[in-house]
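K.L.:
structure for the following, please:
(one chain, ligands or ions: 1)
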Amino acid sequence: MTPPSLIFDLDGVITDTAEYHYQAWQRLADEEGLPFDREANEACRGISRRESLLVVLGGRPATEEQMQGMMTRKQRYYEESLDQIGPDDLLPGVAGLLDALDAAAIPYALASASKNARPVCERLGIAGRLAALADGYSVERQKPQPDLFRFAAAGMGVAAAGCLVVEDAAAGVEAALAAGMPVLALGPAERFGELLGRGRVTRRDDLRDVTLDELAAAAAFDPVWHVAQTGFDPATQHHMETIFTLGNGAFATRGTFEEGYPGESALTLAHGLWDDMPIVFTELVNLPNWLRLTITIDGDDFRLDQGRVLHFQRSTDLRAGVLRRAVLWQAPNGKTVDLLFERFIAYPRQHVAAIRLLLTAVSHPCAVTVRAAIDGHVANQDLLHLHLEEQGKSGSAVWLRARTRHTKHTLAVATALSAETSAANSAERAADLCAGQPALLAAADLKPGQTLQADKLVAITADRDRPAGEAAGVVARALAEVNGATYDRLRAEHVAAWAAVWRDGDVVIEGDDEAQLAMRFNLFQLLVAAPQHDDRVSIGAKTLSGYGYRGHVFWDTEIFILPYLIHVFPTLARNMLMYRYHSLPGARRKAAGNGYPGAQFPWESAETGDEVTPTWVPHFSDPKKLVRIWTGDIQIHITADIAYAIMQYWRVTGDDAFLRDYGAEMILDGARFWGGRAEPEEQNGQRRYAIRDVIGPDEYHEHVDNNSFTNYMCRWQLQTALEVNDWLRRRHPAIAADLADRLRLTPETFDQWRDVIEHITVIYDPDTGLFDQFEGFFDRERVEPEVFRAADRSLQVIFGIEGANERQVLKQADVIMLLCLFRDAFDRRAWQANWDTYMPITDHRYGSSLGPSFHAWAACEMGLPDEAYGHFMLAARADLRNPRGNAEDGIHAASTGGVWQAAVFGFAGLRPTDDGWTLRPRLPRHWRRLAFTYRANGQPVLVDIQQNEGGDYSVTHTPQQSA
Ligand code: BGC
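P.N.:
Now for the predicted structure:
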């Protein structure tokens, strides 16, 4: 590990002039008759002289003249005591550390708010060794503003983000974090309070025996909360854009750069803003690019493909929901600047996002302009969806109004910019109403070490945010969000909201930093897509983070994503189940169009519940050929998957009102579809029902008959519908009667369902417990294990679509998934038989990304936690490591929820039983702890599983206070 450059605070870190300061203030206070003591003095640590005086005055009024007089006196008292300082006054550990730094040629600087910093350093004998010195004269804005530390880094000529600050005061720690620097905080933990939880703050009592390795470790990103990238490589540009997606459950934005980059895939998608397109029917619309900042350094635009990138790092702090990027850049004109970008999409607000730029001149004075635009010239790849209608300036903000071309949704984006510099001169501002790209400008002349801070606040509103749709007010509402708001306030509110989310929503894994970070990353990406404000939308298969599947919603949502929300954030789950309720009319149209009664939910769903799966798409290896996509026609298990999620939601939450008013209708109308879809037939003189010509979850096999997953789910839904109907009749007879009337449910309907339940074909060998994945599966060609081992691409690519269809090779093991969904309905023998049969013939690496999380869960059920771990990590890394090479299309949403299920249902073994919830922990050998919260009947319960050396577990299962 390379130790970073260091920036030391002076008082309390290098030497204890704090004591002399205290004595000087105490003397002044005594003379003035002000109550002051050592405890009160704590508040003066690290702050300016004027601020300290205000502490000493404790609210007593004083004129400016009196205050000046008191500050001068205090300064005199202090200077009198400075004569006593010498090299012996270096605090313990400092002399040794400075020697080690010198020996390793690591530069270090001093940054102190004190105006006496230079003479003190001279007396201490270290002034000549400092690479830079920043003191009370260097910048205007003092700690906790970031300017002083950035001044010091610039003075050393190194990247600010590559510096470690050593501080003993809370205000200094805050300033360093704001400057984009990690911190070594010296002193008791109480002094720093919640700052210690910020991730890049390491605490120590003092510098005694500190090693360079320790300093390097303190400068590293927090390995369990930060997703970090420490160099820019254009080859991974699109993958990283996906990884650094942020959102707030209403809209999300890929991690493209503010200044742009050639070939970038800049994308902001908002739930519910669909527009028509050929082939896939409809897609979420790429909204105006709100990130845009064009930064000019003496005529050269900042961009990473030009000039020289001397330092680059980017990270999402998952705990705070904040993305940062630090770049030290030399412009083609030779001038070096240090930039820190910080952005977030405000979680507690529906419409707001913000960016802060800190730009520090490093090598030369330079004239800087920042142009903060709303870029309306956007398209979905090459397809234009927005018609730009109007733009303008209002107060200190600019705005743009646009309309989707086919669906005619009106939306607005507004932005406000505030800018100030660390010098006394404030930045100049102007507006530029360039057509389709309204912008605000700030300009400043910076001397080396000076920083320009520019805060860009953005709001995105749409007519559909209001129940009745309200096109007329969109601009006014967007402006109201940005006018009067401040970056710091929005940020504080945002960070607090994420802290609250993690209190319930975190899963703690100890003993495995990679798994811990990956778990949090997956949950974060799930949460930023989960609709908080809207029950007419849901999470698509690629969240809101990419063009993949065009925002369409699949079974991924109900079977993979929802369980986390059902067990942890049930109101979000309810929103997403209501989405299906609102889409019932489309599902009914689909059933009717296919000649069936009831509601057949679409395989791919968008705004209305009508089927939006494309019928033909370009072939994956030869785009000139077209491939017929059959899933929209015949992948029908989705209707039962939705019923499954409704029942899971109801059982976990006890939300009877939901089942009564919405859930029952979806389940009963879906059952009507199944009643019509199951085909009566006779075989060997026996009456039976078949479901022919389907695709099961394993999509390598098309047009199959009696897929076990599908038929089992059909039977389960019919049985569930009968039970729900009985429940409704007992508890809410009037609603039951109304529903029976509306859905035309008669005694004959129920009799027919019973008949299907009794006679439907499920090919299951009662002796062995083995399911046939579908009729005739085992007659297909077998594939040698060697082929699976050697495969470096998907087996469907290797064998071709037809070839895979003819062979015993699975995209995902759908029988195994079925066992997981009904895990206690099958005995050990059945688990073993199906496990042994299907796992070896599954395309684990390049098949479906939905498989690994369930395979991990299944392996836990089999008592194989270490094998489960391999599958778990494949799921957990689906985006972070990009093993399938398609993360650029967007986050693998199903996997984000799947890893939660693998951990909670699999490793922890959480399950509902007749006697309440039970646990059956089976942790990977190296995991020391797994802890999480879930809610049963609205009551949060904390589960904490510790694994000790011998592999035993101690488990606590503790009800918590409801928040
Ligand atoms: C999987 C489906 C999934 C879809 C969307 C397909 O590749 O096989 O199960 O629903 O992707 O994620």
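K.L.:
the ligand versus Gln453, what's the distance?
P.N.:
Separation of Gln453 from the ligand (CB to the nearest ligand atom, to the nearest Å) stands at 42 Å. C-beta: built from backbone N, CA, C; applies to glycine.
K.L.:
what helix or strand does that residue sit in?
P.N.:
Assigned by DSSP states H and E, Gln453 belongs to strand 451-462.
K.L.:
so what strands line up beside that strand?
P.N.:
Strand pairing for strand 451-462, using DSSP bridges, gives strand 352-361 (antiparallel), strand 410-421 (antiparallel).
K.L.:
just so I know, which of those strands lies nearest His567?
P.N.:
Nearest to His567, of all these, is strand 352-361, at 29.2 Å by CB to CB.
K.L.:
wait, Ala454 sits on Leu359?
P.N.:
Yes. Using CB atoms under 8 Å, Ala454 is in contact with Leu359, at 7.4 Å.
K.L.:
can you list residues touching both of these two?
P.N.:
With contacts defined as CB atoms under 8 Å, 6 or more residues apart in numbering, the residues shared by Ala454 and Leu359 are Val370.
K.L.:
with mean pLDDT added, can I get the strands paired with strand 451-462 in a markdown table?
P.N.:
Converted to a markdown table, those look like this (pLDDT from 0 to 100):
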| stretch | mean pLDDT |
| --- | --- |
| strand 352-361 | 98 |
| strand 410-421 | 96 |
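K.L.:
would you mind giving the ones you listed as JSON lines with mean neighbour count and distance to Asn882 added?
P.N.:
Output for the strands paired with strand 451-462, formatted as JSON lines (neighbours: other CB atoms under 10 Å; distance: least, CB to CB, whole Å):
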{"stretch": "strand 352-361", "mean neighbour count": "26", "distance to Asn882": "26"}
{"stretch": "strand 410-421", "mean neighbour count": "25", "distance to Asn882": "31"}
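K.L.:
include distance to the ligand when you put the ones you listed into TSV, please.
P.N.:
Formatted as TSV, those follow (distance: least, CB to the nearest ligand atom, whole Å):
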stretch	distance to the ligand
strand 352-361	27
strand 410-421	27
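K.L.:
OK, now which residue of the stretch 551-700 of the chain is nearest to the ligand?
P.N.:
Here the stretch 551-700 of the chain gets closest to the ligand at one residue, Phe554, 3.8 Å apart by CB to the nearest ligand atom.
K.L.:
that residue against Pro602, yeah?
P.N.:
No. Taking CB under 8 Å as the definition, Phe554 is not a contact partner of Pro602, at 9.3 Å.
K.L.:
now the common contact residues for these two.
P.N.:
With contacts defined as CB under 8 Å, 6+ apart, the residues adjacent to both Phe554 and Pro602 are Ile638.
K.L.:
show me what contacts the residue in the stretch 151-300 of the chain positioned nearest to the ligand?
P.N.:
At 12.9 Å from the ligand, Val280 is the closest residue in the stretch 151-300 of the chain, using CB to the nearest ligand atom. Taking CB under 8 Å, 6+ apart as the contact definition, Val280 lies against 550, 552, 612, 614.
K.L.:
which of the residues you listed fall in strands?
P.N.:
Using DSSP state E, no member of those falls within strands.
K.L.:
that'll do, ta.
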